[in-house]
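>>> coordinates for the following, if possible.
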Amino acid sequence: MGTASSGEWIAILLYFALVIGVGVYFFIRDRHVEGEKEYFLGGRSMGGWVAALSAGASDMSAWVLMGLPGSIYLYGIGKVWIAVGLVIGTICAWVFVAPRLRRYSIRANDSITIPQFLTNRFQSKNKGLQIISAIVFVVVYCIYSASSISACGTLFNTVTGMSAKTAMIIATAIILVYVFLGGFNAVCWTDFFQGMLMLAALMLTPILALFVMKGADFVAPVMAVPENYYNVLSGGGFNWKSLSDIISGLGWGLGYFGMPHILLRFMAIEDDAKLKTSRRIATIWVVISMFIAVLGLIGRQFLGEIDNENLVFVHMVRRLFPAFISGVLLSAILAAAMSTADSQLLASSSAFASDIYKPVIRKDATDHEMQWAGRIIVILISIVAFFIAADPNCGGIMALVECAWAGFGSAFGPVILLSLYWRRLTYSGAVAGVCVGFVVDAVWYAFLSSSTGLYEIIPGFLCGLIAAVVVSLCSKAPSKEVTDLFDRAFEPTD
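Okay, here's the model as predicted:
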């Protein structure tokens, strides 16, 4: 690819200055504001646009600009089922989860993390579920954050020739700076800018490529495509290959019901009116993003054969745009990677500080001490994530995202849905749902995923759902206090 031009460097450095500047601004603005709710949930004051684009940007990691287009470029339109599943999952999460979770989390003792909400929902003094959930958070977020750091390393190595490890260190440091300084507000506002940038990149690149390809001087590259490349049934017909790809692709949508950094956005929205605004914006954003993600097909026709399918977007941007604009659009990949990493780090730090540090380690910890405990765990997770990303055997961006996405969806998706819609769910049932979903997901990934071709989130989610229901029905019914809380949980809070 060659070395980055001065125009690309200027654009990328300006982007770095912007995100660090946002963190510094909120650190200065909020330095006298104490309280874990303010740092970890922004005081529940997120506006509609910021909440929607923050949720979208933190969700759509670098795999939307590298992994998914690369997969479609390599294997064909049969991989588009992932995009379909994500669109359906996004809409369902905003319609069926966001309004109920926002109200219920406030009624349930003003919970600020998902483990807190699950514990407070049952009016339980037992911290077992809180601790188990927080441990799952920290473990999975190490893997998830590694995918974002890996994407930054790949981009800088390709564009600038910089060592991938050096690039990963720089990216990790920048993410740490604005999470460390500004907390939830800094993360959401940087995600807002990053969401806008990602949307611009996803729309402009394939549209301009199509325009150039229609020009009289465009020479189509000679290329060979795999069998059934343009068939939505990747197996060429209704066989197990096609069916497993469809089920697995649609199964990605299940992840939204258990993704903590997205669920936190739902909890942080200021009021119901802004939630409705967020829902409309988020739906439009994800539909456009997923539709344009099929630029992998356009990339094959525009570029022909390339060495690394994950670099389709990078190659197209550098071919189509002047240096400075190219640098701005390449920053969209950094935006995608960092917007997910910052959200993951903040969610894991809030889970550790609120659900492990205070109830287990320091029961009388002050709000200030809680914030610093969260910041320290952010540093530790970042270090672990860096070493995972730097390991050549980690599997790459898409593999890491698939693993973490399924882990969260399987562990928390069924329990969150049942918590919001089933009065009979018990504390024991919730514990069983989280544990069984996570374990089945991990076992399927390790031993059955490659042989069956079925994404592990499908069996993990189903087994977690069954375990939660069966154990709840076999255990003592919830107390009147718990069912009364459920009944009044969805009354307007504004």
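>>> when you work out contacts or count neighbours from here on, use the C-alpha atoms and nothing else.
Fine.
>>> let me see the residues that make contact with the helix or strand that contains residue 473.
In this assignment (DSSP states H and E), residue 473 forms part of helix 457-474. Applying CA atoms under 8 Å, 6 or more residues apart in numbering, the contact partners of helix 457-474 are 248, 251-252, 254-255, 406-407, 409-411, 413-415, 424-441, 444.
>>> buried sites along that helix?
Within helix 457-474, the residues scored as buried using 16 or more other CA atoms under 10 Å are 457-469, 471-472.
>>> and for stretch 373-388?
373-375, 377-379, 381-388.
>>> again with stretch 91-106
91-95, 97-106.
>>> can I get the buried residues of stretch 373-388 in TSV including secondary structure, distance to residue 144 and pLDDT?
Converted to TSV, these look like this (DSSP: H, G, I helix; E, B strand; the rest coil; distance: CA to CA, whole Å; pLDDT from 0 to 100):
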residue	secondary structure	distance to residue 144	pLDDT
373	helix	21	77
374	helix	18	75
375	helix	18	77
377	helix	15	80
378	helix	13	80
379	helix	15	84
381	helix	10	83
382	helix	11	84
383	helix	13	87
384	helix	11	87
385	helix	8	85
386	helix	11	87
387	helix	13	89
388	helix	10	89
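>>> which one of the residues you listed is nearest residue 230?
Closest to residue 230 out of the buried residues of stretch 373-388 is residue 388 (35.3 Å), distances taken as CA to CA.
>>> any idea how far residue 139 is from that closest one?
Distance, residue 388 to residue 139, using CA to CA, to the nearest Å: 12 Å.
>>> over to residue 386?
For residue 386 relative to residue 139 (CA to CA), the value is 14 Å.
>>> which is the succeeding secondary structure element to the helix or strand that contains residue 90?
Under the criterion of DSSP H and E, residue 90 resides in helix 81-92. Downstream of helix 81-92, the first helix or strand assigned by DSSP H and E is helix 98-107.
>>> helices or strands up against that following helix?
Where contact means 3 or more CA pairs under 8 Å, 6 or more residues apart in numbering; DSSP states H and E, helix 98-107 is packed against helix 260-268, helix 272-292, helix 396-421.
>>> okay, the angle between the first one and helix 396-421?
Relative orientation of helix 260-268 and helix 396-421, computed by axes from the mean of the first three to the mean of the last three CA atoms, to 10 degrees: 40 degrees.
>>> start and end of stretch 83-103, how far apart?
End to end - CA to CA - stretch 83-103 spans 30 Å.
>>> what's the answer for stretch 96-114, then?
17 Å.
>>> chain center to it, what's the gap?
Relative to its chain's centre, stretch 96-114 lies at 19 Å (CA atoms, centre = their mean, to the nearest Å).
>>> what helix or strand does residue 325 sit in?
helix 323-352.
>>> pLDDT of that helix, averaged?
Average pLDDT, helix 323-352: 72.
>>> and what of stretch 484-492?
The model assigns stretch 484-492 a mean pLDDT of 84.
>>> in that stretch, what counts as buried?
Buried, per 16+ other CA under 10 Å, within stretch 484-492: 485, 486, 489, 490.
>>> tell me which helix or strand the second one sits in.
In the assignment (DSSP H and E), residue 486 maps to helix 480-488.
>>> same check, this time on the last one
Under the criterion of DSSP H and E, residue 490 resides outside all helices and strands.
>>> next one: it from residue 69, what distance?
From residue 490 to residue 69 the distance is 40 Å (CA to CA).
>>> over to residue 313?
Residue 313 is 8 Å from residue 69, by CA to CA.
>>> what do you get for residue 260?
Counting by CA to CA - residue 260 and residue 69 are separated by 25 Å.
>>> neighbour-wise, which of these two wins?
residue 69 (30 against 25; other CA atoms under 10 Å).
>>> just say helix, strand or coil for the more buried one.
helix (DSSP: H, G, I helix; E, B strand; the rest coil).
>>> apart from its chain neighbours, what residue comes closest to it?
residue 296 (4.2 Å; CA to CA, 6 or more residues apart in numbering).
>>> which strand or helix spans that neighbour?
helix 295-303.
>>> ok, and what's touching the helix or strand following that helix?
Downstream of helix 295-303, the first helix or strand assigned by DSSP H and E is helix 312-320. Helix 312-320 is touched from outside by 1, 65-66, 69-70, 73, 155, 205, 208-209, 295-296, 299, 302-303, 306, 326, 329-330, with contacts defined as CA under 8 Å, 6+ apart.
>>> hmm, back to that, got CSV for the buried residues of stretch 373-388, with distance to residue 237 too?
Compiled in CSV, the buried residues of stretch 373-388 are given as follows (distance: CA to CA, whole Å):
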residue, distance to residue 237
373, 54
374, 51
375, 52
377, 49
378, 47
379, 49
381, 45
382, 44
383, 46
384, 44
385, 41
386, 42
387, 42
388, 39
